[in-house]
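[1] Quick one: sequence and predicted model below, then my questions.
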Amino acid sequence: MAGRAIRATARIVFVVCGLVSLFTCVPYVMLKGTELPVQSEWIAYAVALGAVGVFSVLVGLLPRSWLAKLGKRDRDDARLFSFPLKVLGGFAAIFYLVAVFAYFAPNRWNLDPGFMFPLCPLYFVKMTYDPGPVEIFFMLAAMNAAVYGALGVALGYARLAFRRPA
């Protein structure tokens, strides 16, 4: 029963994180870099966010047998969902804190947008208007955590795919 709960939870979280990553990709595509301070890198952000989002959604929706082939594991192996879920949780926690740090960093530090966009894709929202702490904690930082959680899913399955089964 615990394995079924982990699989169901993992699938839901994978799809939600992937959809948030795709949703975060939309402003970069719509702005087309014209109003962003770092105009040359907008396409790389949009492509990376989109690819990670699509992969995470697909992993959440694919049948377990296909994921087992991708991860070179048995269909009933517990690590098939638990390992990517752990990596997702680690990435989400770290990058939630990065987004909170970016909000509370003093303005005199002059954080470089070219440095902050890869670490916090929603950093341009902070540059456009000054959101309050509630918006940061419950929306922007959570969305940043979900985007990097989707990246954690991709890296978790990449590790399963390229590592020999134990």
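    Nice, I can see it.

[2] Output the below-cut-off pLDDT ranges for the protein.
    Applying pLDDT under 70 to the chain flags the ranges 1, 28-42, 124, 126-127, 164-166.

[3] who does the lengthiest helix in it touch, helix- and strand-wise?
    Longest helix in the chain, counting residues (DSSP state H): helix 2-31. Contacts defined by 3 or more CB pairs under 8 Å, 6 or more residues apart in numbering; DSSP states H and E place helix 2-31 against helix 42-61, helix 79-104, helix 141-162. In short, each C-beta sits where N, CA and C put it, glycine included.

[4] and the last one, which residues are buried?
    For helix 141-162, the neighbour count (16 or more other CB atoms under 10 Å) marks 141-157, 160 as buried.

[5] ok, now the longest one?
    By neighbour count, with 16+ other CB under 10 Å as the criterion, the buried positions of helix 79-104 are 79-85, 87-88, 91-92, 95-96, 98-100, 102-103.

[6] so what's the nearest residue to residue 157 once chain neighbours are set aside up against?
    Spatial nearest neighbour of residue 157, chain neighbours left out: residue 84 (5.5 Å); criterion: CB to CB, 6 or more residues apart in numbering. Contact analysis of residue 84 by CB atoms under 8 Å, 6 or more residues apart in numbering lists 10, 14, 59, 152, 153, 156, 157, 160.

[7] Need the helices and strands packed on helix 2-31 in CSV (columns: distance to residue 130).
    Formatted as CSV, the helices and strands packed on helix 2-31 follow (distance: least, CB to CB, whole Å):
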stretch, distance to residue 130
helix 42-61, 22
helix 79-104, 9
helix 141-162, 15
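
[8] which one of those helices lies closest to residue 69?
    Closest to residue 69 of those, according to CB to CB: helix 141-162, at 9.4 Å.

[9] gap between the closest one and the chain center?
    5 Å (CA atoms, centre = their mean, to the nearest Å).

[10] Would you mind putting the CA coordinates of that helix into CSV?
    Written as CSV, here are the backbone C-alpha positions of helix 141-162 (Å, rounded to 0.1, in the frame of the first residue of the first chain):
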residue,chain,number,x,y,z
ALA,A,141,9.1,31.0,-4.3
ALA,A,142,6.7,28.0,-4.5
MET,A,143,6.6,28.3,-8.3
ASN,A,144,10.4,28.5,-8.4
ALA,A,145,10.6,25.4,-6.2
ALA,A,146,8.2,23.6,-8.6
VAL,A,147,10.3,24.6,-11.7
TYR,A,148,13.4,23.2,-10.1
GLY,A,149,11.5,20.2,-8.8
ALA,A,150,10.7,19.4,-12.4
LEU,A,151,14.4,19.7,-13.2
GLY,A,152,15.0,17.3,-10.2
VAL,A,153,12.6,14.8,-11.9
ALA,A,154,14.6,14.9,-15.1
LEU,A,155,17.9,14.5,-13.3
GLY,A,156,16.5,11.7,-11.1
TYR,A,157,15.4,9.7,-14.1
ALA,A,158,18.6,10.5,-15.9
ARG,A,159,20.6,9.0,-13.0
LEU,A,160,18.3,5.9,-13.0
ALA,A,161,18.8,5.5,-16.7
PHE,A,162,22.5,5.9,-16.8
